[in-house]
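Novice: Have a look; sequence and predicted model below, questions after that.
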Amino acid sequence: MQSEQIEGHELADKKQAFETLRMVEALLFASAEPLSMSELTARLPRQADIPRAVKELEEFYRHRGVRLVKVADRYAFRTAPDLAAIMQREQEEQRRLSRAALETLAIIAFHQPVTRAEIEEIRGVSTSKGTLDVLLETQWVRMRGRRRTPGRPVTYGTTLQFLDHFGLETIKDLPGLEELKGAGLLDSAIPASFFVPAPDDSDELSEDEIPLEAGEEDDFKDGISTTRTIEA
Amino acid sequence: MQSEQIEGHELADKKQAFETLRMVEALLFASAEPLSMSELTARLPRQADIPRAVKELEEFYRHRGVRLVKVADRYAFRTAPDLAAIMQREQEEQRRLSRAALETLAIIAFHQPVTRAEIEEIRGVSTSKGTLDVLLETQWVRMRGRRRTPGRPVTYGTTLQFLDHFGLETIKDLPGLEELKGAGLLDSAIPASFFVPAPDDSDELSEDEIPLEAGEEDDFKDGISTTRTIEA
Amino acid sequence: MQEDHWENDSAEQSLGDESSSKPNEPTLSVDVDGFEGPLDLLLTMARSQKVDITKISILALTEQYLEFVGEARRLRLELAADYLVMAAWLAYLKSRLLIPKQDDGEEPSGEELAAALAFRLQRLEAMREAAAKLMNRPKLGLEVFARGAPETISIERNSTWSASLFDMLTAYATQRQRRSVTSVQMQKRAVWSLAEARALLERLVGSCAGWTAVQSYLMSYLSEPEQRRTAIASTFSASLEMVREGLIDIQQGEAFAPIYIRAKKGKANEATQLQEGALVGQDHEPA
């Protein structure tokens, strides 16, 4: 009798867990953009154990045609990379980045937060405005803030879309990052310094950064945002 | 020995079937449109047993958060209909009318029945379509009829909801010239020709109005019932 | 220096030819097209040493670069300035590397400079490799795909509009009034300011030697009769001010008679100078 009750309880628990899983599955499946835990929480019943559902989904879809991937602190369903060959036709027209843009992107990713002058120092050539514009347009690169140095140059960093596009869970997953760090190649100055910098794409500004002025960022965001606002 | 061979064969068969399932899953997930059998066939390896994969997927997703549905003779993933509730969120928004909307509303209230051209004549600026749309959305303003003049412009007036919202028993409770002056809202220096009309919000059309065509009003009513803005 | 070259095939080709060919062969081609500047060129040259980039000989690289630039000059080819700047710097580096180390402690040694250059080359190389690795990853929209037909999560917005009766009446009254008022055009009154009048008087005493009747002088300025009253009033006030400052003398025979003014001796020039800002070509009368 008692054991039956316990079983009944367990069953109800399992049922609820499965309902949560279904909801998380539906929400993540429906969205083209990665969703954060808080976005999921806002849509689900209060008692739902979302981390558990996410974990189960991750596990379940690990070997399927679609996988649940983590992008920064967000989750999204993406097709499995090994199926690239049959998926090619889905391709939207993608602009190929120039070599200069690619190099600049890599430098921003590995050295962020980084100023234009620092990028130029590394590449040994001046960076055309167009190159940075192209990268900002891809939404893989953003203006983070300004460096606390004379002239207060803008600092650049990567975005969530960058991680999403290149299938990175965090910026620490950049290919070859550890080797570069070990070789001291992420240092800005030549002497082997005692502290090895690491790329930082967090939203918080570093100590030597100050915020952009109001509007600087928005100007750009306006250009790309798809959120519609209704005006009275 | 033979049974092992058979087992080995079966295993290979199962593996292939699972690969096919993965491919179909990925293609249906990534496709912007539902896909037909022949479209799937065109993208998959020749030997793939697609009907089997589709059937298995259908079966598998039957009780999940997403389901494989057949639309005409095409297949697509859709979120389970019973989860519609979490896919929607209601947002109550308190919104203030813009100055332009407020002025237009006041002119409609005092000068009704009034056409857009007349509103513009009184305001001295052109009225954007958006302003009138917002007022119609508030349900304080309605299209009454059409003016019996060339072009047969739509006439606007206020609604019962308007009286309700502004705490007026009848439209005659709107203050007249003397009351506006008394409340200090109008200078005493206004020209003698200045007048404040007596508004008329009765359902009956005035002599120079003709009724809206059937459907005109309803069209709009449909419009407001679906004032949902959908954001991804 | 085109940006669009991802592959430097042509450039590397020409350099490869150069390094394998003997110095005086006429097939030598000096071509910096496709290079993104001297550092890029140096890196390509370093690669042609066919050793691990961390083990390149900076001295050999320096000589190779200087030879390249020398050849370009011999052929009278135009090289961009930054290539020549790099050549100058490398020549300096070479001299530092060849001269025995001096222990002055002030300037970095040749070895340090060479190490700095090697570091920059390695770093650029590393970033190129990183870019290539990045592009080799399965990319969203190319190898990996998001939901093709996202089912938008709809947000039902129930807008509740708010406005008070007072707001509405104020808006109405304000806008009706604004419109009724704009139909009355108020003409701007022409008034002479004291400053204007004083400037005029200063010009007057600067140009006249003796007593001058203010009114007759003003008449030459004032064609519009409606300006006369304000002009006379303002110049009169201004002239009193100037008398107080001792710049002019003023006299009037009787009430309503013409008013005469003249510059006070010695002060007149000062006034003129102040007004015209000119310090030369003035006739100084003995004080």
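Specialist: That came through fine.

Novice: Could you use CA atoms for every contact and neighbour count after this?
Specialist: Fine.

Novice: Could you give me the buried positions within the helix ranked longest in chain C?
Specialist: Secondary structure of chain C read by DSSP state H shows that its longest helix is helix C:110-136. Residues of helix C:110-136 classed as buried under the neighbour-count rule (16 or more other Cα atoms under 10 Å in any protein chain shown) are C:110, C:112-115, C:117-132, C:134.

Novice: in what helix or strand does residue A:13 lie?
Specialist: Secondary structure assigned from DSSP states H and E places residue A:13 in helix A:2-30.

Novice: Mind giving me the packing neighbours of the following helix or strand past that helix?
Specialist: Using DSSP H and E, the helix or strand that follows helix A:2-30 towards the C-terminus is strand A:35-36. Contact here means 3 or more Cα pairs under 8 Å, 6 or more residues apart in numbering or on different chains; DSSP states H and E; on that basis strand A:35-36 packs against strand A:74-79.

Novice: separation between the nearest residue to residue A:166 once chain neighbours are set aside and chain B?
Specialist: For residue A:166, ignoring the flanking residues on the chain, the nearest one in space by Cα to Cα, 6 or more residues apart in numbering or on different chains is residue C:139 at 4.8 Å. As defined by Cα to the nearest Cα, to the nearest Å, residue C:139 lies at a distance of 14 Å from chain B.

Novice: Residue C:139 touches residue A:168, doesn't it?
Specialist: No - contact between residue C:139 and residue A:168 fails when scored by Cα atoms under 8 Å: they sit 9.8 Å apart.

Novice: Which one of those two is surrounded by more residues?
Specialist: A side-by-side neighbour count of residue C:139 and residue A:168, using other Cα atoms under 10 Å in any protein chain shown, places residue A:168 first with 23 against 20.

Novice: Quick check: phi and psi at the nearest residue to the more buried one once chain neighbours are set aside.
Specialist: Nearest in space to residue A:168, with sequence neighbours left out and distances taken as Cα to Cα, 6+ apart, is residue A:71 at 6.5 Å. Main-chain torsions, residue A:71, degrees, to the nearest 10: phi -120, psi 110.

Novice: got the domain boundaries for chain A?
Specialist: A:16-81, A:94-231 (automatic domain parsing).

Novice: any idea of the mean pLDDT for the first one?
Specialist: To tie it back to what came earlier, the one meant is domain A:16-81. The predicted model assigns domain A:16-81 a mean pLDDT of 92.

Novice: roughly how far is that domain from the heart of the chain?
Specialist: Relative to the mean C-alpha coordinate of its chain, domain A:16-81 is positioned 16 Å out (Cα atoms, centre = their mean, to the nearest Å).

Novice: how close does residue C:238 get to chain A?
Specialist: Residue C:238 sits 51 Å away from chain A, taking Cα to the nearest Cα as the criterion.

Novice: One more: residue C:87?
Specialist: Using Cα to the nearest Cα, one obtains 14 Å as the distance from residue C:87 to chain A.

Novice: That residue touches residue C:69, doesn't it?
Specialist: Yes - in this structure residue C:87 lies within contact range of residue C:69 using Cα under 8 Å: 7.1 Å.

Novice: and chain A, which residues reach chain B?
Specialist: Near chain B, the residues belonging to chain A are A:21-27, A:29-31, A:43-44, A:64-66, A:79-80, A:83, A:86-87, A:90, A:227, A:231-232 when assessed by Cα under 8 Å from any Cα of the partner chain.

Novice: could you pull out the strands for chain A?
Specialist: If DSSP state E is used as the criterion, the strands of chain A fall at A:35-36, A:66-71, A:74-79, A:114-115, A:141-147, A:154-158, A:209-210.

Novice: Revised request: answer the last question for the stretch 51-200 of chain C.
Specialist: Remark: strands of the stretch 51-200 of chain C, listed N- to C-terminal, are C:154-162; assignment by DSSP state E, counting those that start in this stretch.

Novice: any weak-confidence spans in it?
Specialist: Along the stretch 51-200 of chain C, segments meeting pLDDT under 70 span C:51, C:101-106, C:152-159, C:180-190.

Novice: Apply 90 and report the result again.
Specialist: Under the criterion pLDDT under 90, the flagged ranges of the stretch 51-200 of chain C are C:51-61, C:67-89, C:92-122, C:125, C:135-200.

Novice: What segments of it are helices?
Specialist: Secondary structure of the stretch 51-200 of chain C by DSSP state H, counting those that start in this stretch: the helices cover C:58-74, C:81-98, C:110-136, C:165-182, C:194-207.

Novice: For stretch A:100-113, buried residues please.
Specialist: A:100-113.

Novice: Of those, which belong to helices?
Specialist: Secondary-structure check on these using DSSP H: residues within helices are A:100, A:101, A:102, A:103, A:104, A:105, A:106, A:107, A:108, A:109, A:110, A:111.

Novice: Dump the residues you listed to CSV, plus pLDDT.
Specialist: Formatted as CSV, those follow (pLDDT from 0 to 100):
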residue, pLDDT
A:100, 89
A:101, 91
A:102, 91
A:103, 92
A:104, 94
A:105, 95
A:106, 94
A:107, 94
A:108, 94
A:109, 94
A:110, 94
A:111, 92
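
Novice: Among these, which ones lie close to chain C?
Specialist: When these are checked against chain C using Cα under 8 Å from any Cα, the ones in range are A:100, A:102, A:103, A:105, A:106, A:107.

Novice: I'd like the distance between the third one and chain B.
Specialist: The reference is to residue A:103. Taking Cα to the nearest Cα as the criterion, residue A:103 is separated from chain B by 30 Å.

Novice: That residue contacts residue C:131, doesn't it?
Specialist: Yes - between residue A:103 and residue C:131 there is a contact at 5.8 Å, judged by Cα under 8 Å.

Novice: what's the nearest residue to residue C:171 if we skip its chain neighbours?
Specialist: Counting by Cα to Cα, 6+ apart, residue C:171 lies nearest to residue B:103, which is 5.3 Å off, once chain neighbours are set aside.

Novice: Next, the contact list for that neighbour, please.
Specialist: The contact partners of residue B:103, taken as Cα atoms under 8 Å, 6 or more residues apart in numbering or on different chains, are B:123, C:168, C:171, C:172, C:175.

Novice: ok, back up a step: any chance of the strands of chain A in JSON lines, plus distance to residue C:248 and mean neighbour count?
Specialist: Converted to JSON lines, the strands of chain A look like this (distance: least, Cα to Cα, whole Å; neighbours: other Cα atoms under 10 Å in any protein chain shown):
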{"stretch": "strand A:35-36", "distance to residue C:248": "84", "mean neighbour count": "18"}
{"stretch": "strand A:66-71", "distance to residue C:248": "86", "mean neighbour count": "23"}
{"stretch": "strand A:74-79", "distance to residue C:248": "85", "mean neighbour count": "24"}
{"stretch": "strand A:114-115", "distance to residue C:248": "66", "mean neighbour count": "24"}
{"stretch": "strand A:141-147", "distance to residue C:248": "62", "mean neighbour count": "24"}
{"stretch": "strand A:154-158", "distance to residue C:248": "62", "mean neighbour count": "25"}
{"stretch": "strand A:209-210", "distance to residue C:248": "62", "mean neighbour count": "18"}
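
Novice: Let's have these in a markdown table, adding distance to residue B:209.
Specialist: Below are the strands of chain A laid out as a markdown table (distance: least, Cα to Cα, whole Å):
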| stretch | distance to residue B:209 |
| --- | --- |
| strand A:35-36 | 54 |
| strand A:66-71 | 62 |
| strand A:74-79 | 58 |
| strand A:114-115 | 67 |
| strand A:141-147 | 58 |
| strand A:154-158 | 62 |
| strand A:209-210 | 63 |
